[in-house]
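1. 3D, please:
(one chain, ligands or ions: 1)
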Amino acid sequence: MEVLGTSTSTAKKPIVIITIGMAGAGKSTFVQRINSYLHTPTPSNPNPRPPYILNLDPAVTQVPFDANIDIRDTVDYKEVMKQYNLGPNGGILTALNLFTTKFDQVLDLVEKRSQDVDYIILDTPGQIEIFTWSASGAIITDAVAASFPAVIAYVIDTPRTTAPATFMSNMLYACSILYKTKLPFILVFNKTDVTPHDFALQWMTDFEAFQEALAHGGPGSVDSDGEPTYMSSLMTSMSLVLDEFYKSLRAVGVSSMTGDGVPEFFAAVEEARGEYEREYLPSLLKAQQERASQLQKAQEAAKQDSLQRMMKDLEVDRTGNPVDDKWEDDEQDEQDDDGELDVNIIDRSEDRWPGQYVDITRARRPGAGGAGGGGGGGEDEEWDGSRWARPT
Ligand SMILES: Nc1nc2c(ncn2[C@@H]2O[C@H](COP(=O)(O)OP(=O)(O)OP(=O)(O)O)[C@@H](O)[C@H]2O)c(=O)[nH]1
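-> Numbers count the residues shown, from 1 in each chain. This is a model prediction of the structure:
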């Protein structure tokens, strides 16, 4: 079944990996690493198919991969800054907005190549909020997720997330993106060559261990009386919320530098494809069907409204102009059982025949009867082959 271009059969469709992460987390290096992995033959996959890559960061000076579509080919962000008198972040956002206006063309190009690729990779702007909290970021995400199975790869700078408070802030941010996009989500703990991600996995699975880490979060976690501070209590409550959130995502540790953990990442992507088909796609289709039926209802209501207004206008005309009433006598005849007016629509292209026309533009003379009921066929009129006329 096709609904608004969305196919329920995603079996042969490539999966879109949307790479998101804080500035410096290693998104571009990660994209390059998975790109290189997908180019490399393995015994289980001797003929790998290169991915299709989209670079959506207009401000990046160099990317370590060849993007198939690069926003920088379409929008010059420095020129945008000059023309619109903007700072760097405003320039990046406006460049992304301008690019989004052409995103239907991007999707067309991707659709054309979709038979030849298994993965489509999106690298997003360095300033995370420009993509995650902008209208254009939402439009792009929704558009790709409506056309292909899609997954969010949230890249985390592991060495910089070892403090419990930083870890929790990062997780809360990830949580907000998950609830905003509702797409399958993979936490990618990057730079494991510098700091292994075991501590993160432990904090995610063992609530007590994270509480312990929070309690030993250093000065500030308890006040002078030895009681937990406001900040410490807030973090404890938040971590309770996050405990629920951890259940709905998968986490992998990766080193984009060495390639460690990349196969595990792709295993998680395959799992995410299943989740997309099981959970995201049905709710997407349901939402589209609801929108379609709401649209139909709105159109029907608008039609009824116009009809009622038209009938009201006719009523006003009739009361204000009783002599010119063309409906009065035959009103009962012309109403069907539902009380609706039974008016025949005339096809002007067909041959005319006597009595076919009811000329409602002419007032019926009082007392005039006969065929047609309206403006023609009065007692003293004759059909001359094309119209009713008084004999001369
Ligand atoms: N040791 C180590 N360094 C890494 C790894 N991945 C990325 N880096 C380094 O982290 C820095 C930031 O990497 P980028 O790939 O530019 O990060 P980004 O998230 O794309 O940064 P923005 O361009 O600001 O969005 C670079 O110096 C990388 O070499 C990794 O797995 N291990």
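2. near the ligand, which residues of the stretch 151-300 of the chain?
-> 190-191, 193-194, 255-257 (C-beta under 6 Å from any ligand atom). From N, CA and C alone the C-beta is placed, and that goes for glycine too.
3. and the closest residue to the ligand within the stretch 101-250 of the chain, how close does it get to residue 185?
-> In the stretch 101-250 of the chain, the residue that lies nearest the ligand is residue 126 (2.8 Å; C-beta to the nearest ligand atom). Note on residue 126: its distance to residue 185, by C-beta to C-beta, to the nearest Å, is 20 Å.
4. ok, now residue 84?
-> To residue 185, residue 84 is 34 Å away according to C-beta to C-beta.
5. likewise for residue 162?
-> Going from residue 162 to residue 185 by C-beta to C-beta gives 22 Å.
6. same check on residue 305?
-> On the measure of C-beta to C-beta, residue 305 and residue 185 end up 44 Å apart.
7. between those two, which has more neighbouring residues?
-> The residue with more neighbours, out of residue 305 and residue 185, is residue 185; 24 against 10, by other C-beta atoms under 10 Å.
8. who's in contact with the more buried one?
-> 151-152, 154, 174, 177-178, 248-250, 272 (C-beta atoms under 8 Å, 6 or more residues apart in numbering).
9. try residue 156
-> Contacts of residue 156 were listed using C-beta under 8 Å, 6+ apart, and they are 21-22, 25, 170, 174, 187-190, 200.
10. give me the phi and psi angles of residue 51.
-> Main-chain dihedrals, residue 51, degrees, to the nearest 10: phi -80, psi 170.
11. quick one: the strands in the protein?
-> 2-3, 6-7, 15-21, 52-55, 69-70, 119-123, 150-157, 185-190, 250-253, 382-383, 388-389 (DSSP state E).
12. which of those has the lowest average pLDDT?
-> Per-stretch mean pLDDT for those is lowest at strand 2-3 (a mean of 37).
13. and the buried ones among the residues of the stretch 151-300 of the chain next to the ligand, selectable in ChimeraX?
-> Only the buried members of those end up in this ChimeraX selection, burial being decided by 16 or more other C-beta atoms under 10 Å:
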select :190,191,193,255,256
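14. between the residues of the stretch 151-300 of the chain next to the ligand, which is nearest residue 93?
-> Nearest to residue 93, judged by C-beta to C-beta, of those is residue 190 at 25.0 Å.
15. what about the residue nearest to that closest one when sequence neighbours are not counted, how many neighbours?
-> Nearest residue to residue 190 in three dimensions, chain neighbours excluded: residue 26, at 4.4 Å (C-beta to C-beta, 6 or more residues apart in numbering). Using other C-beta under 10 Å, residue 26 has 23 other residues around it.
16. residues in contact with residue 26?
-> Counted by C-beta under 8 Å, 6+ apart, residue 26 has contacts 155, 157, 190-191, 256.
17. show me where pLDDT drops low in the stretch 201-350 of the chain?
-> Low-confidence segments of the stretch 201-350 of the chain (pLDDT under 70): 216-229, 317-318, 320-350.
18. of the contacts of residue 156, select the buried ones using a ChimeraX command.
-> In ChimeraX syntax, the buried subset of the contacts of residue 156 is picked out as below (16+ other C-beta under 10 Å):
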select :21,22,25,170,174,187,188,189,190,200
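19. tabulate the contacts of residue 156 (TSV), appending distance to residue 94.
-> TSV is the format used below for those (distance: C-beta to C-beta, whole Å):
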residue	distance to residue 94
21	22
22	22
25	24
170	28
174	27
187	31
188	29
189	33
190	29
200	36
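20. surely residue 272 is in contact with residue 186?
-> Yes - counting by C-beta atoms under 8 Å, residue 272 touches residue 186, with 6.2 Å between them.
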